[in-house]
Structure formats: structure tokens, C-alpha cells
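Colleague: for reference, the sequence and a predicted model appear below.
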Amino acid sequence: METLLDFLQAGVIGNFSWGNLGMLAVGCFFLYLAIKKDYEPLLLVPIGFGILVGNIPFARGMGIGIYETGSVLSILYQGVTSGWYPPLIFLGIGAMTDFSCMLSNPRLILLGAAAQTGIFAALWSALLLGFDPPHAAAIGIIGGADGPTAIFLSSRLAPDYLGAIAIAAYSYMALVPVIQPPIIRLLTSHKERRIRMKPNKPVSKRMRILFPIVAFLLCAMIAPGSISLIGMLCFGNLLKESGVTERLAQTARTAFLDAITILLGLTVGCSTDASRFLTPASIKIFALGAFSFGIATAAGVLFAKLMNVFSREKINPIIGCAGVSAVPDSARVAQLVAAEEDPQNFVIMHAMAPNVAGVIGSAVAAGVLLAALQ
């Protein structure tokens, strides 16, 4: 009976909390969104199941928890806490990204820059809520809607809030189809949403090869803190565009990227142990994340409208929503909203320009904040 009692005390009976039950419900909700609603399943399935794994109650000291030194989960989680999963994710993203849509119409880069307003709006809001500058910067980066960048910066500036920031960033990335359309419709008219843009001009192979080299050198010199993210992004893109390393590019954007995504998603989910995750600070982080994402979307749309005031060749302001870094979901949302007004209006390739510019912009913003506050 004593052995049986010890066994029961080591499991759910001896360690149950309502917080664990709540987080298990959150994990199931994430799985529902991924499987039933098809919201970012490649991210939400690993994260959702990870939340289930991380919130099964057990007695501490068994060497199985993600926060217990030497456990398997703890070792895998070092890729998050040490910040080396995000650059590897960027390598795969670079190997699958086509920057020609941006190069053919460089003025659309400004929309990606405008959307970074969300980062700094959230940063100042976090300061007003009492967070110190490093923590506020890590929270603010959620506004870029770039999960790997948020993890990278928070692992350096706010390791205590790493789990909450990562979950918030990926949650809002997955909810792009829910959050962005109402903001777009609120800020644009029926006539503006029907604007048709000219097809993109072809970009030479030489320019596509030179771009990752030149872009890395410029970004690294401006913001050295972004070297690991921008460097891996541009390296992956060079593998793709050079034409002589297609096998490496294929590996980087398929098996390699999938493996890192699985490990990152699962361990981030496991880090949401209720005793560490359910805090007033986490609630503030989620609220600030929603606020910053809304501001970023609105800033991109409004800046497109402003550009139309001074431009003869009009921009469909819908594509301004794609200035956030949620590639390619924001571009898809832009296409869906445009197609509702005019089924023959194809804006997705135009939207990809601010979308990929937003990836670079958020990484540079993270590098600036890292250099200023670390």
C-alpha cells in the first residue's frame, strides 16, 4: 500500500492543479484550430500537442520535465533557450522564398517597413504597463508576426517570458485569417479594394543572385545584431538562386526545415507549464501581442493609402496587410479579401513583396533592439 501510495502521489493525483487542466484545454483548442480549421497546422499541431505534454502533472525530480536538467525535453529545449532554432528556420525560409516579387516593384518594400510600427507601438505600451526596456522590446517584436524572430530576441532579452512570447507570436500568426480581414475592410473602401495592379516585371537571374549578398551586407552593417537571422535567410536564398546548389536548397526547405519546425513547436508547447505560464505578465503579453498585430496590419494598409495620394500608379491598399512577417499567410489573406470584391483580381504576387520585406524588416528591428538593450 505504501508503494501504491507513492506511485499515485507521483502522478496526477498528487500533483493536479486547475491551471494544468486549463492549459490542457488550450492545447486541445490549438489542435482543433489546426486540424479542423486548417490554421497553420504545421505550427499549431506540434505546439498544441506540446502543450499537452508539458501540462501532464507529475512529481518534480523524476528527470522528465522540460525544466529538469538532463531530461530529453530539456536538452531539446536548449535550441529555443540558446536561440539556435530560429536561425535554422530562417535558413529554410530563405531557401523557399522568391524575392523577385519585391525586386520587380521596390516601392512595395515601404509597406513592409510601415508594418513594423506594430513592434514599436507594443514596445512603448509594454513600458507603460511596467515592463523594463529589455522585456518590453522582446514583447514588442510580437508585432512583427514572426515567431522565430520573437523566440530569438526573447531568448536574449527576456528568457523568463520566452514561453509566453513564443506562444503569443505563433498564435497570432495562425490567426492571421481571422484578425486581418476585418481591419482591412474597416480601413478601405469598396473602390480601393477593387484596384487592379499591373503584373510584375521579370527580374534577371543576376539580380536574384546579387540580392541576398548585397542585402546581407547592408543589413549586417546597419544592425549587426541581425547577422545570425539575416545571414541564414540570405544564405538559404543564395542556395536557391545560385543554380548550382539546388540539392542543398531542396534539403534546406524540406526535410531540414520540417525537422527544426517539429522540434521548435513541440518544445515551445512543452514550456507552457501552468505554474510558470499562467501569470499576470503572460496575460499582458497576449493582450499586447493582439494590439501590436492589429497596429501592424493597420499601419501597412494606411501607408498604402498614403502612397496612393502621391503616386500615379495606384496600389491596392489590401496588400499593405502583408507587411507583417507571416509568410505567406498574410499574402493569401490579401488575395482572399481582394477576390471577394473582384474574383478576377490577383494581388497575391504583389502582396508577397511587402510580405518578404516584412521578414527582413522584423529581423533588422530585432537586431537593432538587441544591440541597444542587451
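Modeller: Perfect, thanks for sending it.
Colleague: identify the residues contacting residue 162.
Modeller: Residue 162 makes contact with 80, 81, 151, 154, 155, 271, according to CB atoms under 8 Å, 6 or more residues apart in numbering. In short, each C-beta sits where N, CA and C put it, glycine included.
Colleague: how about a cut-off of 7 Å?
Modeller: 80, 81, 154, 155, 271 (CB atoms under 7 Å, 6 or more residues apart in numbering).
Colleague: quick one: what helix or strand has the third one in it?
Modeller: When elements are defined using DSSP states H and E, residue 154 is found to belong to helix 147-157.
Colleague: how big is the angle separating the helix or strand following that helix from helix 147-157?
Modeller: Next in sequence after helix 147-157, counting helices and strands by DSSP H and E, comes helix 162-174. In terms of direction (axes from the mean of the first three to the mean of the last three CA atoms, to 10 degrees), helix 162-174 departs from helix 147-157 by 160 degrees.
Colleague: now helix 162-174 - C-alpha only, CSV.
Modeller: Output of helix 162-174 as CSV, limited to C-alpha atoms (Å, rounded to 0.1, in the frame of the first residue of the first chain):
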residue,chain,number,x,y,z
LEU,A,162,10.1,33.1,-23.5
GLY,A,163,7.2,30.7,-23.4
ALA,A,164,4.5,33.3,-23.3
ILE,A,165,6.1,35.4,-26.1
ALA,A,166,6.6,32.4,-28.3
ILE,A,167,3.1,31.1,-27.9
ALA,A,168,1.6,34.6,-28.4
ALA,A,169,3.7,35.1,-31.6
TYR,A,170,2.7,31.8,-33.1
SER,A,171,-0.9,32.1,-32.0
TYR,A,172,-1.4,35.4,-33.8
MET,A,173,0.5,34.1,-36.9
ALA,A,174,-2.0,31.2,-37.0
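Colleague: so for residue 139, what's the nearest residue that isn't a sequence neighbour?
Modeller: Nearest non-adjacent residue to residue 139, counting by CB to CB, 6 or more residues apart in numbering: residue 126, 4.6 Å away.
Colleague: residue 307 versus the one you found, what's the distance?
Modeller: Distance of residue 126 to residue 307, given as CB to CB, to the nearest Å: 30 Å.
Colleague: who has more neighbours out of those two?
Modeller: residue 126 (24 against 19; other CB atoms under 10 Å).
Colleague: name the element that one belongs to?
Modeller: Assessed by DSSP H and E, residue 126 sits inside helix 117-128.
Colleague: what is that helix packed up against?
Modeller: If you count contacts as 3 or more CB pairs under 7 Å, 6 or more residues apart in numbering; DSSP states H and E, helix 117-128 packs onto helix 133-140, helix 280-310.
Colleague: would you reformat the contacts of residue 162 as JSON lines and include distance to residue 92, neighbour count and pLDDT?
Modeller: Below are the contacts of residue 162 laid out as JSON lines (distance: CB to CB, whole Å; neighbours: other CB atoms under 10 Å; pLDDT from 0 to 100):
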{"residue": "80", "distance to residue 92": "16", "neighbour count": "25", "pLDDT": "92"}
{"residue": "81", "distance to residue 92": "21", "neighbour count": "16", "pLDDT": "90"}
{"residue": "154", "distance to residue 92": "21", "neighbour count": "30", "pLDDT": "92"}
{"residue": "155", "distance to residue 92": "19", "neighbour count": "21", "pLDDT": "91"}
{"residue": "271", "distance to residue 92": "22", "neighbour count": "24", "pLDDT": "90"}
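Colleague: closest one of those residues to residue 63?
Modeller: Distance to residue 63 across these (CB to CB) is lowest for residue 271, with 16.9 Å.
Colleague: so what's the closest one closest to, chain neighbours aside?
Modeller: Using CB to CB, 6+ apart, the nearest residue to residue 271 is residue 163, at 3.9 Å.
Colleague: contacting residues around that neighbour?
Modeller: Per CB under 7 Å, 6+ apart, neighbours of residue 163: 268, 271, 272, 276, 277.
Colleague: wouldn't the last one be in contact with residue 165 here?
Modeller: No: taking CB atoms under 7 Å as the definition, residue 277 is not a contact partner of residue 165, at 11.2 Å.
Colleague: dihedrals phi and psi, the residue nearest to the spatial centre of the chain?
Modeller: Nearest to the mean C-alpha position of the chain, counting by CA atoms, centre = their mean, stands residue 146 at 2.1 Å. Reported as degrees, to the nearest 10, the phi and psi values for residue 146 are phi -130, psi 100.
Colleague: of the contacts of residue 163, which pair is most distant in space?
Modeller: Taking CB to CB as the measure, these span a maximum distance of 13.0 Å, between 268 and 276.
Colleague: more neighbours, those two?
Modeller: Shown here are residue 268 and residue 276; by other CB under 10 Å, residue 268 has more neighbours (28 against 17).
Colleague: does residue 346 count as helix, strand or coil?
Modeller: Secondary structure state of residue 346, per DSSP: H, G, I helix; E, B strand; the rest coil, is coil.
Colleague: mind listing what the residue nearest to it when sequence neighbours are not counted touches?
Modeller: Among residues not flanking residue 346 along the chain, residue 335 sits closest, at 7.0 Å (CB to CB, 6+ apart). Residues counted as contacts of residue 335 (CB under 7 Å, 6+ apart) are 347, 348, 351.
Colleague: ok, back up a step: for residue 141, see how far away the residue nearest to residue 271 is.
Modeller: Noted for residue 163: a distance of 15 Å to residue 141, by CB to CB.
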